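Q: Pasted the sequence and its predicted model underneath.
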Amino acid sequence: MRLYNTRTRSVEELEPLDRQQVRMYVCGLTPSADAHLGHARSFLFFDVLRRFLIFRGMRVTFVQNVTDIDDRSIATAQAEGVSWREVVNRYFGSFKASMRRMHVLEPDVEPRATGYITPIVAMIEELIRRGFAYVAPDAVYYRVKAFPRYGALAHRNLEELMIGARIEPGEGKQDPLDFALWKFAKPGEPEWPAPWGAGRPGWHIECSAMSDALLGVPFDVHGGGLDLIFPHHENEIAQSEPLMEHPPMANFWVHGGLLEFDGRKMSKSLGNFEPLSALLDRHDAQAIRWLFLMTGYRKPMNFREDAIAGATVALGRMYDAYDALRETPPSDDDSRPAGSVKAYRERFVAALEDDMNTAGAVSVLFDLAGSARDLIAAGAASEAAAFLHEAMSVLGVSPNERTLPRRPPTVLSARSLDVAGKPFALSGPQDPELPGELVAQLRPLVEPAVSLNGCAPREAVERTILARAAAKARRDFASADDLRRALAAVGITLVDTKEGATWSLSH
RNA sequence: GGCGACGUAGCCAAGUGGUAAGGCGGAGCUCUGCAAAAGCUCUAUUCCCCAGUUCGAUCCUGGGCGUCGCCUCCA
């Protein structure tokens, strides 16, 4: 398959260093605040990339780190008067729960920086020994000018980077571009022992140490958001490659486009987001995944909440098509040629092989869904259903993983009643939040046909529905329609079924 | 200021040197007494603007304009 490589700024064929084995390292979260939808976009993309590689028959080793120690989580902890571990566990736990809700596959390894202090210290020692780092009063710093290729990933030269770079008060760096590998602990800060003084790793070094420890360098794919290119990934390269015989550290550097909200990057520092978990409480997780799939992974994407509603409808129709295909009894007509869905499959795979064109792949699935009738008529229903299932699995929205409720939605309570001597199943929301004034609103619309004396809102709705059913039974359609309109006027949507009727509250 | 990305219908969005996928929404129709669901049909003479290259450009080149990102912590 072909993938865009930030390192070379071109689309290249992905050829694993080990045949049939792709080693991936994706920069995970620094749990110092709530995760947001922008994080979800990134992790969802790498999840689909991983699923597709597996689908193509490769073994994938997927490492995603947790930077569980950094300045920000310490600051949050101090502000709240709790331990930094508590802060990390809280936000990381919430993040993991959200990932599970979106059916993001578990990483094969999910290392925490604090679990790799020993290799981190060893790597820093080696960098010092080779002249790439030095010990200052406040920290151990990386000597950027010692690494001639610095800036290559971000396509920047040192002069460009010097602009705006400065040494903050209290920093003992020798050059404004230098960055900390190890920060000595101030009183009250967490610390781990090290030859140069107790402290904590700086941001960046954990990824260099852990990717080497768990995957070995060089490896195949290093991923993250576009905003990690500089300085994070540039610094990882500067730390790792001087110690390697055969750079580059990673063959492919893959970066996902950022999510914007109101035309601005969604980010922790701007605070222009709501927690991912809150969004997942309001929307279907698979619909959010589907929404991201419909946009190229490298493009900036402006988030609008109403787009999720559109994606929810679209994905629901996809499932409907799948259900229709799957529920079609096997054809007894064996004359049909096998492989009616072969062309769809080829287009689907070709789209994903072309730099993960998920939007193109999704459109193939819509094409297939639109042709469901023809496929059924051609006796290819089960073949099409099987393909759709497989294709949706690659995208992480397989019917097995379905989180979208089947229609009719939220029918949680049902009662068996009797209308005109026939059974009548009445169903509606379990605990409807009906406005208290509903009875007063409904009464003038339905009386005297229906008596609502002393009714609670829910009972009023049900009485009206039953009255309408009775009217239908005596073929008094005019009255039945009046009652439907009356219910609609107070926000009740009524759907007739073979067995009876289902109602719901239209917000 | 430097570097980079993006700019396609009401909204979202794919894509190609040869004449615009798909989704949402909207409109009409079919089918069900009505409604819902489902199905069918329609919905960009045109791809931010201007020049250039070309037989031909939305796609290539140059110049604008606009939006965003990175250059400082952020997927």
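A: That came in fine, so what should we check first?

Q: what's around the spatially closest residue to A:N357 that is not a sequence neighbour, how many residues?
A: For A:N357, ignoring the flanking residues on the chain, the nearest one in space by Cβ to Cβ, 6 or more residues apart in numbering is A:A351 at 4.4 Å. (Each C-beta comes from the backbone N, C-alpha and C, glycine too.) Around A:A351 there are 18 other residues, counting by other Cβ atoms under 10 Å.

Q: And A:H389, by the same measure?
A: So A:H389, with other Cβ under 10 Å, has 15 neighbours.

Q: in the helix or strand harbouring it, what counts as buried?
A: For A:H389, the element it lies in under DSSP states H and E is helix A:381-395. Using 16 or more other Cβ atoms under 10 Å as the test for burial, helix A:381-395 gives A:381-385, A:387-388, A:391-395.

Q: Pipe these into a markdown table and attach distance to RNA strand B and pLDDT per row.
A: Converted to a markdown table, those look like this (distance: Cβ to the nearest atom of the strand, whole Å; pLDDT from 0 to 100):
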| residue | distance to RNA strand B | pLDDT |
| --- | --- | --- |
| A:A381 | 14 | 89 |
| A:S382 | 18 | 88 |
| A:E383 | 18 | 90 |
| A:A384 | 13 | 92 |
| A:A385 | 14 | 92 |
| A:F387 | 17 | 94 |
| A:L388 | 13 | 94 |
| A:A391 | 13 | 96 |
| A:M392 | 14 | 96 |
| A:S393 | 19 | 96 |
| A:V394 | 17 | 97 |
| A:L395 | 13 | 97 |
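
Q: what residues are up against the residue nearest to A:G131 when sequence neighbours are not counted?
A: Distance criterion Cβ to Cβ, 6+ apart; nearest residue to A:G131, sequence neighbours excluded, is A:A146 at 5.9 Å. Contact analysis of A:A146 by Cβ atoms under 8 Å, 6 or more residues apart in numbering lists A:131-132, A:242.

Q: quick one: which of those residues has the most company?
A: Neighbour max across the contacts of A:A146 (other Cβ under 10 Å) = A:F132, 21 neighbours.

Q: Nearest to A:G223, out of the contacts of A:A146: which one, please.
A: A:P242 (22.5 Å; Cβ to Cβ).

Q: ok so the closest one is a helix residue?
A: Yes: checked against DSSP: H, G, I helix; E, B strand; the rest coil, A:P242 lies within a helix.

Q: I figured it hits A:F147, correct?
A: Yes: counting by Cβ atoms under 8 Å, A:F147 is a contact partner of A:P242 at 6.1 Å.

Q: Residue of the stretch 151-300 of chain A nearest RNA strand B, please.
A: Nearest residue of the stretch 151-300 of chain A to RNA strand B: A:G225, at 2.2 Å (Cβ to the nearest atom of the strand).

Q: Next one, pLDDT for that residue please.
A: At A:G225, the pLDDT value in this model is 96.

Q: That one bridge partners, please.
A: Beta-bridge pairing of A:G225, defined through DSSP bridges, involves A:G256.

Q: Now do it against A:R484, distance only.
A: 51 Å (Cβ to Cβ, to the nearest Å).

Q: State which helix of chain A is the longest.
A: Counting by DSSP state H, the longest helix found in chain A is helix A:305-327.

Q: helices or strands up against the helix or strand following it?
A: Sequence order places helix A:342-353 as the next helix or strand after helix A:305-327, per DSSP H and E. In terms of contacts (3 or more Cβ pairs under 8 Å, 6 or more residues apart in numbering; DSSP states H and E), helix A:342-353 is packed against helix A:358-370, helix A:381-395.

Q: could you check the angle helix A:358-370 makes with helix A:342-353?
A: 160 degrees (axes from the mean of the first three to the mean of the last three Cα atoms, to 10 degrees).
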